[in-house]
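Undergrad: structure for this input, please:
(one chain, ligands or ions: 2)
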Amino acid sequence: MAVEKTITKRLETLDSILDRLRASIKKNGLKNSKQREEIIAVLYNKSGMHLSPEEIANQLRMKDKNTSISSVYRILSFLEKENFITALEADKTGKRYEIAAKAHHDHIICLNCGTIIEFVDSDIERLQIDIAEKFGTQLISHDMRLFVLCSKCKTNS
Ligand SMILES: [Zn+2]
Ligand SMILES: [Zn+2]
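TA: Ligands and ions are numbered 1, 2, ... in the order given. This next block holds a predicted model:
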């Protein structure tokens, strides 16, 4: 079995991402805001975490209790558009976000409790390339999500 649960490697340091963020803010004619940088830091530091806008807002509220959810939504859509973060359509509860500078991985998502497990399976990676080639195409990317009942939810249902 090639499947394993690991903490996916970050491909860039937080400082380097924040440098790029400041450049992109300048390019877009925006003012610097602490909140943008804090959201990046939260998503960078929470290893293996995929956070909802509400969970991100709660993290920010530990430093500034006046953080509004609408400004968090606004920042998330900017950061997604600029490719600093990626959205994961997890389940009916909506989008969750993770830092973009992570090594490639796929997701296992519990439909009951929302637990998300990251994994990479070399056989599945290879198979997807083979299937694309079988149809005379070249694989550019893929997005694989397995919807499950996790080990806890499975036994409680
Ligand atoms: Zn579960
Ligand atoms: Zn992930």
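Undergrad: residue boundaries of the strands in this structure?
TA: For the chain, strands defined by DSSP state E occupy the ranges 85-91, 94-99, 106-110, 116-119, 145-148.
Undergrad: just send the ones you listed back as TSV, with distance to S24 and mean neighbour count too.
TA: Every C-beta, even on glycine, is put in place using the N, C-alpha and C of the backbone. Below are the strands of the chain laid out as TSV (distance: least, CB to CB, whole Å; neighbours: other CB atoms under 10 Å):
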stretch	distance to S24	mean neighbour count
strand 85-91	12	17
strand 94-99	15	20
strand 106-110	26	19
strand 116-119	26	18
strand 145-148	28	13
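Undergrad: mind putting these into JSON lines with distance to ligand 1 and mean pLDDT?
TA: Output for these, formatted as JSON lines (distance: least, CB to the ion, whole Å; pLDDT from 0 to 100):
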{"stretch": "strand 85-91", "distance to ligand 1": "11", "mean pLDDT": "88"}
{"stretch": "strand 94-99", "distance to ligand 1": "15", "mean pLDDT": "92"}
{"stretch": "strand 106-110", "distance to ligand 1": "3", "mean pLDDT": "93"}
{"stretch": "strand 116-119", "distance to ligand 1": "10", "mean pLDDT": "91"}
{"stretch": "strand 145-148", "distance to ligand 1": "8", "mean pLDDT": "94"}
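Undergrad: now distance to E55 too, for the ones you listed, in TSV please.
TA: Converted to TSV, the strands of the chain look like this (distance: least, CB to CB, whole Å):
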stretch	distance to E55
strand 85-91	12
strand 94-99	8
strand 106-110	15
strand 116-119	12
strand 145-148	19
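Undergrad: turn the ones you listed into TSV, including distance to ligand 2.
TA: Output for the strands of the chain, formatted as TSV (distance: least, CB to the ion, whole Å):
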stretch	distance to ligand 2
strand 85-91	6
strand 94-99	5
strand 106-110	6
strand 116-119	5
strand 145-148	10
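Undergrad: wait, which of these is closest to S52?
TA: Across the strands of the chain, S52 has its closest neighbour in strand 94-99 (5.4 Å, CB to CB).
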